[in-house]
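In: After the sequence you'll find the predicted model.
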Amino acid sequence: MLLVNPCTAFQWSEPLDINGIPMRGIREKQGYAFSRVGYLATKENPDLDPDDIGRAYRQQLRPYSQPTLLQARRDYEQRHVPRFPPYFIIEPTNVCNKVCPFCTITVMERTDAEGKVIKGFMKWETFLRLMEETSQYPVYGISLYQLGESFLWHGKDESGRKLHIADMVNAAKRIGGFQAVNLSTNGDVANLASILGSELDDLIISIDGTTKEVYEQNRPGASGLETFERTLERVHEFLHTKYTRGLSKPFVRLQIINKENTRDQIVEFIRYWIEVPGVDDVFVKDLDSMRSWLGNRVVSDEEDRIKAERVETMPCQHLFAIGSMVVNGDFTACCHDAYTQLVQKVTLPDGRTVNANIHNTSFAAWWNGPFMTQLRAEHLTGYFRMPCRDCRERDPWLG
């Protein structure tokens, strides 16, 4: 992925000094990972390479990750559309307890075909319907988050039993057939530990800053409260519980987004969190500009032009590899689609017009149908409708 903010992001070409251990970080699709396993091993034996050890450890945990990604890249390069996407990003909820300025939830206008606002929590029946379909295909990974805080999700099954996000995780594995399930959270939730003992593979905790001032700029609370200290306390408590229980799962990644007001804190962030038991790696994530929805609020016009020129005619990788479903079961061509611009209108037998949804069609039929076929054809010929026209995030999905 090309940086969307090459002028203001923190960049390095030599190994960073991480508490006396030189580490470059392991390049991934959307940033650099600094492995705690590699870090600790090199503290014991300075002749070792912490990044090599971290890379090998990660591959050992997820042996099918690299082969799946390489196949998806080959498909994209050949402009081949698999009959069913290997990856999914779905939205358990579009409710959040933060109003982060770089997130499109701040401008979200999710509506159904009648213009009614879509906001709330995915119904269990909706989620299971998709899982029952994915179980019929060779899927690999699912991210249970889009524009909301997934740890806020709750629901009920048909018997009335109360459900929480761990139930969704387990169903993705046991019913949906996914080999890798991951969650992302801002960490400022009281139920982080509820995920321990579930089948969750990866948990990303985003704490974008080492000081209260920077953190509150990046992760302001929706209620207007300052939550830096509370978030740190909750995250530390969760990590301590995971560590003292001797749990290897989930793989916990402490994340900081690489942007102008964090650039001077990134090394300090890595140095701090890589020492904390329960953390598996520290991740420096590339910034998404979300320009189609946020304009120049995240990246300046001048800086934006640099990447805009390089992805000007690039077909989006998302269209060839990733399935997306929002909170009410509507299918969308992009998980960033905050204005509901990339949904398909369909007419039901009773004459009603609705959005293509897991309750009125299958995902496979939609993925291989006229709407997605037309959208891909547009990208391949260099025509980009909104929001695709102004989007700079066409390349992070497969790297």
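Out: It's in.
In: Give me the residue ranges of this structure where confidence is low.
Out: 1 (pLDDT under 70).
In: By residue count, tell me the biggest helix in it.
Out: helix 228-244 (DSSP state H).
In: ok, residues contacting the next helix or strand after that one?
Out: Using DSSP states H and E, the next helix or strand after helix 228-244 towards the C-terminus is strand 251-258. Strand 251-258 is contacted from outside by 3, 5, 9-10, 31, 33, 61, 102, 201-209, 218, 235, 239, 242, 262, 265-266, 269, 273, 276, 278-287, using Cβ atoms under 8 Å, 6 or more residues apart in numbering. Where you see a C-beta, it was placed from the backbone N, CA and C, and this is true even at glycine.
In: Same question for stretch 367-383.
Out: Residues contacting stretch 367-383 (Cβ under 8 Å, 6+ apart): 79, 81, 83-85, 313, 315-316, 319-320, 323, 333, 342, 344, 356, 366, 384-385, 388.
In: Please write out the alpha-carbon positions of the helix or strand that contains residue 371 in CSV.
Out: If you go by DSSP H and E, residue 371 is part of helix 370-380. In CSV, the C-alpha atoms belonging to helix 370-380 read as follows (Å, rounded to 0.1, in the frame of the first residue of the first chain):
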residue,chain,number,x,y,z
PRO,A,370,-25.0,-7.6,-13.0
PHE,A,371,-24.3,-4.9,-10.4
MET,A,372,-20.9,-6.1,-9.3
THR,A,373,-20.0,-7.2,-12.9
GLN,A,374,-20.8,-3.7,-14.1
LEU,A,375,-18.9,-2.0,-11.3
ARG,A,376,-15.8,-4.1,-12.0
ALA,A,377,-16.1,-3.3,-15.7
GLU,A,378,-16.2,0.4,-15.0
HIS,A,379,-13.0,0.2,-12.9
LEU,A,380,-11.3,-1.9,-15.6
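In: can you pull out the helices in the stretch 51-200 of the chain?
Out: 65-77, 124-134, 165-174 (DSSP state H, counting those that start in this stretch).
In: Mean neighbour count, those helices: which tops it?
Out: helix 165-174 (a mean of 21; mean count of other Cβ atoms under 10 Å).
In: So which elements touch it?
Out: Judged by 3 or more Cβ pairs under 8 Å, 6 or more residues apart in numbering; DSSP states H and E, helix 165-174 is in contact with helix 124-134, strand 180-185.
In: 6 Å instead, please
Out: The criterion is 3 or more Cβ pairs under 6 Å, 6 or more residues apart in numbering; DSSP states H and E, and the helices and strands that helix 165-174 contacts are strand 180-185.
In: how far does stretch 182-200 stretch from start to finish?
Out: This stretch, stretch 182-200, spans 6 Å end to end (Cα to Cα, to the nearest Å).
In: chain center to it, what's the gap?
Out: Offset of stretch 182-200 from its chain centre (Cα atoms, centre = their mean, to the nearest Å): 14 Å.
In: List of residues touching that stretch?
Out: The contact list for stretch 182-200 (Cβ atoms under 6 Å, 6 or more residues apart in numbering) reads 98, 143-145, 150-151, 164, 166, 169-170, 173, 181, 201-207, 219, 227, 231, 235, 238, 241-242, 247, 250.
In: Ok, stretch 112-124 next?
Out: Counting by Cβ under 6 Å, 6+ apart, 92-94, 110-111, 153, 155, 157, 163, 327-328, 345, 353-355 sit against stretch 112-124.
In: coming back round to it: is it possible to mark the buried ones in the contacts of strand 251-258?
Out: 3, 5, 9-10, 31, 33, 61, 102, 201-209, 218, 235, 239, 242, 262, 265-266, 269, 273, 276, 278-287 (16 or more other Cβ atoms under 10 Å).
In: quick one: which of those residues sit in helices?
Out: Per DSSP H, these map to helices at 61, 218, 235, 239, 242, 266, 269, 273.
In: Let me have those in JSON lines, extended by distance to residue 297.
Out: Output for these, formatted as JSON lines (distance: Cβ to Cβ, whole Å):
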{"residue": "61", "distance to residue 297": "37"}
{"residue": "218", "distance to residue 297": "13"}
{"residue": "235", "distance to residue 297": "27"}
{"residue": "239", "distance to residue 297": "32"}
{"residue": "242", "distance to residue 297": "36"}
{"residue": "266", "distance to residue 297": "21"}
{"residue": "269", "distance to residue 297": "23"}
{"residue": "273", "distance to residue 297": "28"}
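In: Most widely separated two among those residues?
Out: 61 and 218 (29.1 Å; Cβ to Cβ).
In: ok, residue 358 to residue 226 distance?
Out: Distance, residue 358 to residue 226, by Cβ to Cβ, to the nearest Å: 39 Å.
In: cool, residue 191 as well?
Out: With Cβ to Cβ as the criterion, residue 191 and residue 226 are 21 Å apart.
In: just residue 105 next, same as before
Out: Distance from residue 105 to residue 226, by Cβ to Cβ: 19 Å.
In: Compare these two (neighbour count), which wins?
Out: residue 105 (19 against 13; other Cβ atoms under 10 Å).
In: Could you list which of the buried ones among the contacts of strand 251-258 belong to strands?
Out: Counting by DSSP state E, the buried ones among the contacts of strand 251-258 place 31, 33, 202-206, 281-286 in strands.
In: now those as TSV including distance to residue 14?
Out: Listed next are those as TSV, based on distance: Cβ to Cβ, whole Å:
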residue	distance to residue 14
31	18
33	18
202	29
203	31
204	27
205	28
206	27
281	20
282	18
283	20
284	15
285	21
286	19
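In: Can you pick out the most distant pair from those residues?
Out: The largest separation in those, counting by Cβ to Cβ, is between 203 and 286 at 19.5 Å.
In: coming back round to it: and which of the ones in strands among the buried ones among the contacts of strand 251-258 is nearest residue 57?
Out: In terms of Cβ to Cβ, no member of those lies closer to residue 57 than residue 281, at 9.1 Å.
In: What residues are bridge-paired with the closest one?
Out: Note on residue 281: beta-bridge partners by DSSP bridges are residue 35, residue 253.
In: Would you confirm that it contacts residue 33?
Out: Yes. Using Cβ atoms under 6 Å, residue 281 is in contact with residue 33, at 4.7 Å.
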